[in-house]
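Engineer: The following block contains a protein sequence and its predicted model.
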Amino acid sequence: MALIDVAISCLNSIREIEEDVKDAIVYIDAGCTESFQLAGAFPLFLELGARSVCSLENMTSLENAVANWNHSKFDFANRIVIMTSRLLNDAHRYMLRCLSTHEGVRRCTVFTSISEGSHSACPDSPLGPDAYREYETLLVQDYNEHTNKSDRVSKDKFSSALESLTMEPITSDNVDDSSGDADGLVVSVHHFPLIICPFTPRAFVLPSQGSVAEASLSRQHEDSLSFGLPPISTGSMSDTDDVPPGATLTAHFLYQLALKMELKLEIFSLGDVSKNVGKIMTDMSSLYDVGRRKRTAGLLLVDRTLDLITPCCHGDSLFDRIFSSLPRGERFSTQAQLKQGVPSIDRPSLDVQVPLGELLNEEPSKTKESGLPEGVEAFLRGWDSFTSDPQNESDKKSTTKWPELLNGSLVATECFRGTPYLEAMIERRTKDGSVLVKKWLQEALRRENISVNVRALPGYATKPELQAMVKALSQSQSSLLRNKGIIQLAAATASALDESQSAKWDAFSSAEMMLNVSAGDTSQGLAAQISDLINKSALAELQAKKNEKQDSSSRGLLSFRDALLLTIVGYILAGENFPTAGSGGPFSWQEEHFLKEAIVDAVLENPSAGNLKFLNGLTEELQSRLNRLKTEDTKETPSDDQLDIDALDDDPWGKWGDEEDEEDNSKVDESYDDMQLKLDLRDRVDSFFKFLHKLSSLRTRNVPLREGSLASESSFPGDPSGNKGLLYRLITKVLSKEEIPGLEYHSSTVGRLFKSGFGRFGLGQAKPSLADQSVILVFVIGGINGREVMEAQEAVGESGRPDIGLVTGGTTLLTPEDMFELLLGQFSRF
């Protein structure tokens, strides 16, 4: 039986819409861009006959000219395909602008990853059960109204813009002179569920700029930790009327995904939100769905809140290092507007910007303005020829921007002899993964018959080695294009191994290891470690701020913001290892008092550090106080060469009367304001520690973790970020058929029929087991990271069941920085 390949399934879905894509201008939104970049779908669109692929949010009127440049003057594009990962009402303004710009359009086909059922079930959508047909009518109506009210763009202005792009004279025959009559516009809306971001054939997440990932996973109540994470699984969240919008959209997405891939799911859930998602999916099933001939697969839904420590830690994963180190593409702001009382989540873009240009660029010589290899420079000159003029002096300055044109993204479908690069790398730790990338580069160099004089250490890979081999492989244009996949991956690996990035990651890992060791000892030792981290990080940040620059020796030091993330890790560890010593917290009153004082002192010394939600409204006042104190210190300590006028004054009495009283009153007022500000700050810090108490109670309040079989162990051999994560332990127990507390099976329609009716006659249906399925899909509601994908595959490998196809998915890709924003940033719940 063939295993599931989510990347190939995504590409095959695009092939199914060939008739719509052919000879059309394709517009994709930011979420689809993330999906199709990773899946490597852009060449496929052109192969299927698309005239061009453009950004929906960044569309311009010139794109019509670009799409028509290679066609006859009578063959203008009159078809548009729009693909979106958002609710139709959220993408409406972009689609309307797109149609209004292309006046000659006669047919518009819209593909959305949000099903009709999701539109009708989501409270943010005004559309009903027949959402697609309703929206077709609404879009045509709005287009008619907009066309009648707006004036057409000046033809002369459009022609001048077109002239600058095509570099040839424009005549009236070159410009589309269609009337733009809306009566001829035909709009059709269809469902396209497979808009996902496949990192490997067996691992995927949802687009971070799509409606499903942006929807809130928690409402405002005492068990909430963040709007972007499920609440604590106390077992009390059973009312499906209070299900957060993110859970509803996730349920509909997974149901439609299973239908598209022709899978009959046996659904299991662990956690309150996962149970609600499983229940919604089961209620959507019907006798017709169950009776169809499909492959059977197991679906395991897991709440992210059952294991927060794994995504907060800096584990031994090259994949996580790359996504944490490299810059991300800019996302289109959703303005985090409140919908039904909860905000939409601005998750970081999944578009990793690989700095290939920086890696190839050398110091410019006297004869060359650019430090790029000659082949690469010639390639970029041809690419940038429409804006460059060899006789123009300003063209020399433009070469400094050429390295930015080489910034690329990782593509999951790029492979070496049939093995996808990302799949092989994500399943290896940092050392093994970097050595594997080095071997791929060496093989590519041998294939291109290129020799490199570089000092290589067997069994290790360093940035200078990778950089030298990448430069050699990029000398010629043909070699650069043939080996673009491994070149991009090697550039990303070299950036992650750079000292400025690896030093901080290693410092985090060492600090997490110390916390793990202290957690196995006493609460006093763990509290002392946390306090020491806060004090040292605050001092180092203050010194760096005074010096106004950070030297190479302090690059690996952790900031105050980093220390707060480690504080979260320490409190979760304390809750797992120590009984409650104080009132509501894992530490005694005295131990926690020292921690509070350390944070208060750190904030007073550097109020702007951290950008913390619990300091909202106080940061400016604290900064003003700090600036005033610095000014007073400057006045009180005059320079040595400054003349002291008061010392030469013949009047020994100084100032008299009202002047002295005014100064005294001013100092009293300032002292009172300072005292009030410190009291407000202490109140904020107290609320922050109440939130830490909630995190420390995860093991006791999360029902599936109370019995201890799934809770993390206290020993941490060989892994600096702690023991194996929850997914590893969960999959290991599932495949060994051990009993898992809190795991709920959601019976299908036929199963419920057997249970309620035929069961009376001894025809009851036995509860299936996940271990009996040949395909298992594990989906973590709230997000996953690379380390968990690696450990999940390790669990399957160690089980002795090579016949099982495990697919791992999640709401989004999580890095430690993302977890900080979710827990302490604008989307946290204090």
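Structural biologist: In hand now; what should we look at?
Engineer: ok, Leu806 touching Gln793?
Structural biologist: Yes - counting by CB atoms under 8 Å, Leu806 touches Gln793, with 6.6 Å between them. Glycine gets a C-beta too; all of them are placed from N, C-alpha and C.
Engineer: overlap in contacts of those two?
Structural biologist: Taking CB atoms under 8 Å, 6 or more residues apart in numbering as the criterion, Leu806 and Gln793 both touch Arg202.
Engineer: which of those two has more neighbours?
Structural biologist: When Leu806 and Gln793 are compared on other CB atoms under 10 Å, the one with more neighbours turns out to be Leu806, at 24 against 20.
Engineer: For that one, give me its contacts.
Structural biologist: Arg202, Ile731, Ile776, Val778, Ala792, Gln793, Val796.
Engineer: Angles on the backbone of Gly246, please.
Structural biologist: phi -60, psi -40 (degrees, to the nearest 10).
Engineer: Near it, how many residues? Count them for me, please.
Structural biologist: If we define neighbours as other CB under 10 Å, then Gly246 has 29 of them.
Engineer: lowest-confidence helix or strand of the chain?
Structural biologist: helix 155-166 (a mean of 38; mean pLDDT, DSSP states H and E).
Engineer: Helix or strand next in line after that one, which one?
Structural biologist: Following helix 155-166 in sequence order, the next helix or strand is strand 186-191 (DSSP states H and E).
Engineer: And that next one, what's buried?
Structural biologist: Neighbour counts over strand 186-191 (16 or more other CB atoms under 10 Å) mark Val187, Val189, His191 as buried.
Engineer: show me what contacts the closest residue to the last one other than its chain neighbours?
Structural biologist: The one in question is His191. Nearest residue to His191, sequence neighbours excluded (CB to CB, 6 or more residues apart in numbering): Ser115, at 5.5 Å. The neighbours of Ser115, taking CB under 8 Å, 6+ apart as the test, are His191, Pro193, His252, Phe253, Gln256.
Engineer: can you check Ile80 too?
Structural biologist: Contacts of Ile80 (CB under 8 Å, 6+ apart): Ala24, Ile25, Val26, Tyr27, Cys98, Leu99, His102, Val105, Arg107, Cys108, Thr109.
Engineer: What is the neighbour count of the fifth one?
Structural biologist: The local packing of Cys98 (other CB under 10 Å) involves 21 other residues.
Engineer: wait, doesn't it sit right on Leu56?
Structural biologist: Yes - look at Cys98 against Leu56 with CB under 8 Å: they come within range, at 6.5 Å.
Engineer: what residues do those two have in common as contacts?
Structural biologist: In contact with both Cys98 and Leu56: Tyr27, Ile82, using CB under 8 Å, 6+ apart.
Engineer: okay, which residue is most central for this protein?
Structural biologist: Computing the C-alpha centroid of the chain and ranking residues by CA atoms, centre = their mean puts Pro348 first, at 4.0 Å.
Engineer: Contact partners for that residue?
Structural biologist: Listed by CB under 8 Å, 6+ apart, the contact partners of Pro348 are Ser208, Arg328, Arg331, Thr815, Asp818.
Engineer: Of these, which is the nearest to Ala496?
Structural biologist: Closest approach between the contacts of Pro348 and Ala496, by CB to CB: Thr815, at 12.1 Å.
Engineer: if you skip the residues just before and after it, what's nearest to the closest one?
Structural biologist: In this structure, Thr815 finds its nearest non-sequential neighbour in Ser324, 4.6 Å apart by CB to CB, 6+ apart.
Engineer: tell me the average confidence for the host helix or strand of Ala563?
Structural biologist: According to DSSP H and E, Ala563 maps onto helix 560-577. Confidence for helix 560-577, expressed as mean pLDDT, is 92.
Engineer: Show me which residues of the helix or strand just after it are buried.
Structural biologist: Note on helix 560-577: by DSSP H and E, the next helix or strand toward the C-terminus is helix 589-605. Neighbour counts using 16+ other CB under 10 Å place Glu591, Glu592, Leu595, Ala598, Ile599, Ala602, Val603, Leu604, Glu605 of helix 589-605 among the buried residues.
Engineer: just the CA coordinates of helix 589-605, formatted as PDB?
Structural biologist: This file holds the C-alpha atoms of helix 589-605, laid out as PDB (Å, rounded to 0.1, in the frame of the first residue of the first chain):
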ATOM      1  CA  TRP A 589       7.400  32.700  49.500                       C
ATOM      2  CA  GLN A 590      11.000  33.700  50.100                       C
ATOM      3  CA  GLU A 591      12.300  32.100  47.000                       C
ATOM      4  CA  GLU A 592       9.700  33.700  44.800                       C
ATOM      5  CA  HIS A 593      10.200  37.100  46.500                       C
ATOM      6  CA  PHE A 594      13.900  37.100  45.400                       C
ATOM      7  CA  LEU A 595      12.700  36.300  41.800                       C
ATOM      8  CA  LYS A 596      10.200  39.200  41.900                       C
ATOM      9  CA  GLU A 597      12.800  41.600  43.100                       C
ATOM     10  CA  ALA A 598      15.200  40.500  40.400                       C
ATOM     11  CA  ILE A 599      12.600  41.200  37.700                       C
ATOM     12  CA  VAL A 600      11.600  44.500  39.200                       C
ATOM     13  CA  ASP A 601      15.200  45.700  39.400                       C
ATOM     14  CA  ALA A 602      15.800  44.600  35.800                       C
ATOM     15  CA  VAL A 603      12.800  46.400  34.500                       C
ATOM     16  CA  LEU A 604      13.700  49.600  36.400                       C
ATOM     17  CA  GLU A 605      17.200  49.600  34.900                       C
END
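Engineer: now the angle between helix 560-577 and that helix, please.
Structural biologist: 170 degrees (axes from the mean of the first three to the mean of the last three CA atoms, to 10 degrees).
Engineer: quick one, helices of the stretch 601-750 of the chain?
Structural biologist: Along the stretch 601-750 of the chain, counting by DSSP state H, counting those that start in this stretch, helices occupy 619-636, 657-696, 698-701, 726-735, 749-756.
Engineer: Comparing those by mean pLDDT, which bottoms out?
Structural biologist: Among those, helix 749-756 scores lowest, with a mean of 49.
Engineer: what number of residues lie near the residue nearest to Tyr135 when sequence neighbours are not counted?
Structural biologist: Residue nearest to Tyr135 in three dimensions, not counting chain neighbours: Leu88, with 4.8 Å by CB to CB, 6+ apart. Neighbour count for Leu88, taken as other CB under 10 Å: 25.
Engineer: dump the residue contacts of Leu88.
Structural biologist: Per CB under 8 Å, 6+ apart, neighbours of Leu88: Val110, Thr112, Ile114, His119, Ser125, Leu127, Ala131, Tyr135, Val189.
Engineer: would you say Leu300 is within a strand?
Structural biologist: Yes - secondary structure of Leu300 (DSSP: H, G, I helix; E, B strand; the rest coil): part of a strand.
Engineer: quick check, Gln488 in a strand?
Structural biologist: No - counting by three-state DSSP, one finds Gln488 to be helix, located in no strand.
Engineer: Can you read off the pLDDT for it?
Structural biologist: 90.
Engineer: From Leu3, how far off is it?
Structural biologist: Gln488 sits 26 Å away from Leu3, going by CB to CB, to the nearest Å.
Engineer: And those two? Which one has more around it.
Structural biologist: More crowded of Gln488 and Leu3, by other CB under 10 Å: Gln488, with 22 against 13.
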